[in-house]
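Asker: fold the following, please.
(chains A and B)
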Amino acid sequence: DSGVTQTPKHLITATGQRVTLRCSPRSGDLSVYWYQQSLDQGLQFLIQYYNGEERAKGNILERFSAQQFPDLHSELNLSSLELGDSALYFCASSVEGGYTGELFFGEGSRLTVL
Amino acid sequence: AQSVTQLDSHVSVSEGTPVLLRCNYSSSYSPSLFWYVQHPNKGLQLLLKYTSAATLVKGINGFEAEFKKSETSFHLTKPSAHMSDAAEYFCVVRIGGSQGNLIFGKGTKLSVKP
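Answerer: Model (predicted):
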């Protein structure tokens, strides 16, 4: 158990809809990262927050947004969903804002868009 | 541009035989390199990391990797495979120094036959 909690584990929705994925980092970790994992694209970095502030941005679509709250949990909002958004979305956390390389991953939220 | 290439998408070995998962990287300066493992329906877990100290790095569960700058390689090995090693393995390079992003390889799926 990594200590990172993601909800929901599975989510099925329709095209055009909006969903919110939630992540609780390990106790004491200030950084939260979001990744998208799909068969064709592999593991893609979306965005990182550190202590409530956006720290780094990757291949995140404009239809997607995220935030980190004062209690350090984070939410990833996906809107105007398309079939291609079906993927496994991982949240990871680390103690500091930089990358020493050790990220602790949750078990993911599997999104299916029909 | 920095990148990482995992040379095999799928490797199959018999239990008790050696494991070799190959990874080549491209980096304009001394990289930090990592191997992560993902068991079915689980998040990723750090196996080991190289950060410019010893070139032979030992990780968890008997895995090790050797950094070879002349060959730009960071292959993962284990002397004797166990059934529980069946998983997907990701080679990762960190770019941009301590504040840099992580670039994940496409992954190598390891199957272990009894």
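
Asker: list the contacts for the residue nearest the centre of chain A?
Answerer: Taking CA atoms, centre = their mean as the criterion, A:Trp34 is the residue nearest the geometric centre of chain A, at 3.1 Å. Contact analysis of A:Trp34 by CB atoms under 8 Å, 6 or more residues apart in numbering or on different chains lists A:23, A:45-48, A:60, A:66, A:74, A:76, A:89-92. All C-beta spots, glycine's among them, are computed from the backbone N, C-alpha and C.

Asker: and the strand or helix carrying it, which strands flank it?
Answerer: Taking DSSP states H and E as the definition, A:Trp34 sits inside strand A:31-38. Using DSSP bridges, the strands paired with strand A:31-38 are strand A:42-50 (antiparallel), strand A:87-94 (antiparallel).

Asker: quick revisit: the residue nearest to the centre of chain A and B:Met83, how far apart?
Answerer: 32 Å (CB to CB, to the nearest Å).

Asker: list the contacts for the closest residue to chain B within chain A?
Answerer: Residue nearest to chain B within chain A (CB to the nearest CB): A:Phe105, separated by 3.2 Å. A:Phe105 makes contact with A:Ser2, A:Val4, A:Phe90, A:Cys91, A:Ala92, B:Gly43, B:Leu44, B:Gln45, according to CB under 8 Å, 6+ apart.

Asker: and what of A:Leu83?
Answerer: Residues in contact with A:Leu83 (CB under 8 Å, 6+ apart) are A:Thr15, A:Val113, A:Leu114.

Asker: buried ones from these, can you make that a PyMOL selection?
Answerer: Of those, the buried ones can be selected in PyMOL as follows, counting by 16 or more other CB atoms under 10 Å in any protein chain shown:
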select buried, chain A and resi 113
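
Asker: any bit of the helix or strand of chain B with the lowest mean pLDDT sitting next to chain A?
Answerer: Least confident helix or strand, chain B: strand B:102-104 with a mean of 86, by mean pLDDT, DSSP states H and E. Yes. Counting by CB under 8 Å from any CB of the partner chain, contacts between strand B:102-104 and chain A involve B:Leu102, B:Phe104.

Asker: tell me the strands beside that strand, with direction?
Answerer: When DSSP bridges is applied, strand B:102-104 pairs with strand B:87-94 (antiparallel).

Asker: could you pull up the mean pLDDT of the strand it pairs with?
Answerer: In this model, strand B:87-94 carries a mean pLDDT of 93.

Asker: tally up the residues packed near A:Lys57, please.
Answerer: 12 (other CB atoms under 10 Å in any protein chain shown).

Asker: and for B:Lys69?
Answerer: B:Lys69 has 12 nearby residues by other CB under 10 Å.
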